[in-house]
Structure formats: structure tokens, C-alpha cells
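In: Test case, fold it:
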Amino acid sequence: MIDRKEKRSLKSKKKVHQFLGMLIFVGFGVCKAQDTIQQRVLQGVTVESEAVREEMSAQKQTLWDWSYLHALQISDAVKFISGMAVKDYGGTGGIKTVSVHSLGANHTAVCYDGVPLSDCQSGQIDIGKLSFENLHSLSVEIGTGQYNDIFKPARLFASANILSVETRKPSLLQKPYRVQLLFKAGAYTLLNPSLLAEFRLSKKITLSISGEYLYDKGNFPYVQSYGGADDSVSIERRNNADVRLARGEINFFYAINAKNDWQIKGYFFHTNKGLPGATILYNPISKQRIWENNCFLQSQYQHVFSNQLKYKMLIKFNYAYLRYLDPLFLNAEHKLDNQYVQKEYYLSNMLEYKILRSLKMSIAQDFFVNSMTANVVDFAFPVRYNILTNISAVYRHKFLKISASALYTFALDTPKNEKKTQFHRLTPSVNVDFKLLKKDSLYLNLLYDNIFRLPTFNDMYYQLVGNRDLKPEIVHQIAVGLSFYKSLINSKLHIRLSANFYYNTVRDKIVAIPTKNLFVWSMFNFGKVNIWGADVSSEWGVFACKYLKIKILANYSWQVAKDFTDILSSTYGHQIPYTPQHTFVAGLGLHFKWFTVSYNLLAVGSRYKLAQNTEINRLEPYFDHSVGISKNLKFNKLEILFAMEGLNLANKNYQIVANFPVAGISWRIKTGIIF
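Out: Prediction:
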């Protein structure tokens, strides 16, 4: 006779054998190759409810409430996440990328409603292309994103960090529709109307449509200095900083039954904007322009076989067109008119299997093809074939959670009239969480992640930018963190605290530095970069009385990222460009019964625009203060919104990127209706 323990043991072994069989079957198509290279993407910050906060990690940060953050775009909200750095290349239409712990934008994946965004040209996702008005949540995870969900595409495990952006999903229980009409206006001729409409077509089918148009002349005044502190200055106006953009999105949700779910998203983005040049002495004129068209169509299907096994498939096609015109370029044609087209075909299959009550595993296999064409003489016309296979596991037992993954990356580059190159590499990651207190949410987190990133098409092939001698990056990421959450005084006081200490090593770090304007950059390898630092964050919520709710946010980041390539070099031991040692952000929101008042502070320490840390290359620290007031009125089924904001109250034309000043003091208003 077989006792109950033996039966459970045999049953568990059978489940393991079944799962291993599926792994072998799905992973069979992965090819062998010769070199060892892997591509990585970037990550961001997380937004989650009070209930989810019970399971915390110092490597994951969340921000649900941005009502007291003065945000026109997603990038404005991301600035208030600890450890995040937003590079804003000027004005409303400027490129906006995110970086975590000085690893660069290429190591932060941007996940849009569960599907990774891509840009094979630069590898850097411009989050300025995403709408703020249909936003539901933002989340950032440091590491490979295994904290609560391993049921993800393999591509998301190929990133040092993940910024997850989730849009609104219709929740129409009382009526079959919801319509939101908003209009924003601001200084320097900012006009921004937007629409969000949600419909319940049947019990199983819902639909949402969103769109917006934005125009900004961007001709703000700035102070032009002609030397040192005692030299003369003049007041100039920024020119060629205008932007016109249109954005549209449609989402289709079909809950087929309890076990099957299907979603389709269509997205379109168009912009026509000027490229304001660097503020060079006695030459304020810029004529360069950029036109961009970007559209994608993605579909997600999920099937639940049982409580133990589920399957998901993602399909996506992405098209992006970019035209860059410089009518003053010094060549035989007296202009430079370059046009680039990139395409991506993407397929991902995922399986998740719950082997035991405390153990589940998943496998994800992604296949995607990237290509780029251009009207440039002797262009390489590169095509890259990618296969990524990831195996992950999560084990939970009382106060312990261990998650681990192993990612295998295969890539084949086939540039026109050049030698084909194969790359492959296996990269592991491990994440351990300990709950230190039985009753309170105090967690200790340990993280190790290995990253290997290929140079992008932009890095290697772009005219005026590309450097075919670039080497791939190799990164090791180590972090230790503490996080604490407590609800006190009958849930009238909520406290969230976290501290994260990290050490990253980067070999052959790829750095992009703008030169003449925002399009013409130069690509460099820093042979070896060591990065260490700490993030400390706190968030307080106080229910003072039924008429007042107080929200307080304060984050501090300290980081040192130094070049240790060559001990004989003049840049040895110097901080790498555009990496401040100190960053502090704070937000205060006073939610009264009748209106809301808010104050935000962003303080960034000095940094250097070039590799040599000399005084002439030093960029001054800057402080950005802003205030706002908002009011919502409800009349039966109609809601009216109104808000006013005062921005950069210190009226300083500080420079995030050297010679590209931002606007001084300005204003913005917002009004709208929801019915």
C-alpha cells in the first residue's frame, strides 16, 4: 500500500515531469550560435492600491495618486519616482527618456498594457509619445520584474528595469458609456484638447477610444550669458521650438468566457516639430525639423486551462517613420534630408504552471524581427532576427519568497553587403524577499541581475551618429533594500518607507551625448563604469478629518557613476556625463472637501556635460518649484473639472542638457467635463 505522503510525492513528481516536457517542447526551436551578446531594454516605476502594498519590495516603487503632481505628460509624473532620471531634451515636444541608477535609457523597458514598446533605431523609448489622459497606473521595477508576476513576455526579462504603463479599462456597471472631454492651455501658446470615450457594447465586449491634439509654439524667453558671472547677458527667445502632434488609440476588450480573454489595441502618433539648436553665442537661429509617424497594432489572447495551467499569446506589428531636415547643412545640395523607416514583427508565447501550492514556473518564448531602411547613401539596411527564451520560477513559504530566471538570447544581424553575425548568451537573475516582522510589512530584499546589451541600429548605422566600432555592454546589477508599510490610528495615517542600496558594474558602457542639436549626437564607449548609490523614499497619507486629507511624498537619491577605463586617462575616476550625485523630489497635496492645493519640488545637483569633470564642463544645480489648485464639481451624472498650475516659480532657465534651457516661470490651466 502507498500512504498519503507517497501519493502526494508521486503526484508532485508527475507535475514536474509534465512541466519539464513542455519546456523542452517550447524551447526546442532556439538555435545555437557562436558569439555571446544579449540585448536589454529599460524599466520604470509602479502604481498600486493600498491592498497590494502588503507585499512590498524596495526594488519596486508605486505611485497611484498623481493628482497633486503637476503633470502634463507621463514624464512629469515619473520624475517623482525614487531612483528615476528623466532626460528631457527641451520643451513639450522634446524627447523624454527614462533611466534608472545611471544605466541609461536602453536598460529601461517600457511595457504598455502588457506588451513591450520597441525602437530598434535608438533602443530608447520616448515616453512623451504616450498619453497622460487615459493613464490608469505607472509602475517601476528594478530587476527583471518577477515580484508578483512571472507570466510575462521573455523580452521583459531582458531588461535591467521596467516602467509599466497601464491605460484605463472600461468599468461601466451603471451605464453603457463614459465620455471625458478635456482642454488644456498654457503659456507660449500651449493648446491641448483631448477625448476619452468608453462604451459597453454587450455584457462581454467593451470599447475605448482616445485622442488628443497638441500645439505649442515654445518661444519662451531665456537669459543668454556671454561669459562669466560679471560679463554681459541678454534676453533672447527660443526659436524653432514649435510642436504639433496628434495621437489616437482604440482598445477592444472581449471577455469570451471565464477561461478566455482577448484584447486588441491600435495606436497612432504623428508629430511635426522644430529642433531648437544649442544656445551658441551670437547664433540663436535653428531651422532643423523632424516629422514622425508611428503606429502599431497589438493583440493579446489568454486561455486558462485549469487552476494550475494558463497560456497567453501576444502578436504585434510596429511601424515608425522619421524624417530629419536641415536646410542649412553645408554640402553640395545645401541641405540634409534623411528619412528612416523601421518595422518590427513580434510574437510571444507564454505558459505558466503551478507545480505545488508554493511553487510555480513559467516559460516564455519571443520571436521578433527588426529592420530599418533609409535614403542615405551606403546605408547598411540592417535586419536583426531575435529569439528569446526565458524560464522563471517563484517559490513562496511563509516569510520567504525566492524568484529566479534564466534568459537565453539569440540574435542574427544581416546588414546589406556586410558579413552576417550571430550572437547568443545565457543570463541569470535572482531575487529574494524576507518578511522580517510577522505582523508588520517590513521586508528585506536581495537582487542580482546580469545584463548584456547589443548596440542599437542608431548606435551603429545612423548617419552623423553611428559608430560601427562600438562594443556591447555587459552589466552586473546588485541591490539590497528595506521596505516598510504601516497603517496607524484606525487607518487615518499611512506610512511607506523604503531604502535601496545598489552597486552596478558596466563594461563598455554606451553613452549618447547631443552635440549640435537634439538629433545629431555622438556615441561613445566608456570601457568600464562602476555605479553605486542609494535611494531613500517616503510617502505619508494623513486623514486629518472628513474635510482634509494630506499626501506627502519625499524621495532622495545619491549616486556615483565613474569611469575606470584607463588609469592613465584624464577622465579616470571622473563622474560620467549627465549623472548628478544628489537628487531630491518632494510633493505635498492638501485635499480639502471643496478643492485641492498642491506643491512640488524637484532639486538636482551639479553634473558634467562631458567626461572630464572640469569647472568649464560643470552644469549648475537647479531647483524647480510649482504649485497648483484644482476643483471638481458634480451635478447629477455630470462632473466638471478645473485646475490651474504655476510652473518653475523660481523663473530659472536651468539646463537639463547643456545649452538647451527650459522655460522659466509659466502657467497652465485645465478644464473638462465627464459624463
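In: avg pLDDT for the longest strand seen in the chain?
Out: Ranked by number of residues, the top strand in the chain under DSSP state E is strand 521-545. For strand 521-545, mean pLDDT rounds to 85.
In: Quick check: buried residues in it?
Out: For strand 521-545, burial by neighbour count (16 or more other Cβ atoms under 10 Å) applies to 521, 523, 525-526, 528-529, 531-539, 541-542. Placement of C-beta: from N, CA and C, glycine included.
In: Next: stretch 354-364.
Out: Quick answer for stretch 354-364 (16+ other Cβ under 10 Å): 354-355, 359-364.
In: What strands line up against the longest strand of the chain, and which way round?
Out: strand 493-514 (antiparallel), strand 548-563 (antiparallel) (DSSP bridges).
In: Adding distance to residue 444, write those out as JSON lines.
Out: Below are the strands paired with strand 521-545 laid out as JSON lines (distance: least, Cβ to Cβ, whole Å):
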{"stretch": "strand 493-514", "distance to residue 444": "11"}
{"stretch": "strand 548-563", "distance to residue 444": "20"}
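In: Out of those strands, which gets the lowest mean score?
Out: Note on the strands paired with strand 521-545: lowest mean pLDDT is at strand 493-514, with a mean of 84.
In: For residue 449, give the beta-bridge partners.
Out: Beta-bridge partners recorded for residue 449 (DSSP bridges): residue 429, residue 477.
In: Contacts only, for it.
Out: Counting by Cβ atoms under 8 Å, 6 or more residues apart in numbering, residue 449 touches 143-144, 160, 429, 475-477.
In: and these, which two are the farthest apart?
Out: Spatial extent of these (Cβ to Cβ) is set by the pair 144 and 476 at 13.4 Å.
In: Please identify which of the two sits among more neighbours.
Out: residue 144 (33 against 13; other Cβ atoms under 10 Å).
In: ok, back up a step: which of the contacts of residue 449 are buried, as a PyMOL select command?
Out: Here is the PyMOL command that selects the buried residues among the contacts of residue 449 (16+ other Cβ under 10 Å):
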select buried, resi 143+144+160+429+475+477
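In: how about TSV for the contacts of residue 449, with distance to residue 403 added?
Out: Listed next are the contacts of residue 449 as TSV, based on distance: Cβ to Cβ, whole Å:
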residue	distance to residue 403
143	9
144	8
160	16
429	8
475	19
476	18
477	15
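In: Pick out whichever of the contacts of residue 449 sits closest to residue 412.
Out: Nearest to residue 412 among these, counting by Cβ to Cβ, is residue 475 at 22.5 Å.
In: Extract the residue ranges of this structure that are flagged as low pLDDT.
Out: 1-70, 89-91, 93, 144-148, 227-230, 282-284, 462-465, 511-522 (pLDDT under 70).
In: swap the cut-off to 50 and go again
Out: Residues of the chain that meet the criterion pLDDT under 50 lie in 1-2, 4-10, 12-13, 15-55, 58.
In: Next, give me the two most distant ones among the buried residues of stretch 354-364.
Out: Distance extremes for the buried residues of stretch 354-364: the farthest pair is 359 and 364 at 17.6 Å, using Cβ to Cβ.
In: tell me which element the nearest residue to residue 553 once chain neighbours are set aside is part of?
Out: Closest residue in space to residue 553, ignoring its immediate chain neighbours: residue 587 at 4.1 Å, by Cβ to Cβ, 6 or more residues apart in numbering. Using DSSP states H and E, residue 587 sits in strand 582-592.
In: picking that back up, just give me the closest of the buried residues of stretch 354-364 to residue 578.
Out: Comparing those against residue 578 with Cβ to Cβ picks out residue 364 as the nearest, at 34.0 Å.
In: Surely the closest one and residue 314 touch.
Out: No - with contact defined as Cβ atoms under 8 Å, residue 364 does not reach residue 314; the gap is 9.6 Å.
In: which neighbours do these two share?
Out: When contacts are counted by Cβ under 8 Å, 6+ apart, residue 364 and residue 314 are jointly contacted by 153, 348, 350.
In: Specify the beta-bridge partners of the last one.
Out: Using DSSP bridges, the bridge partners assigned to residue 350 are residue 312, residue 364.
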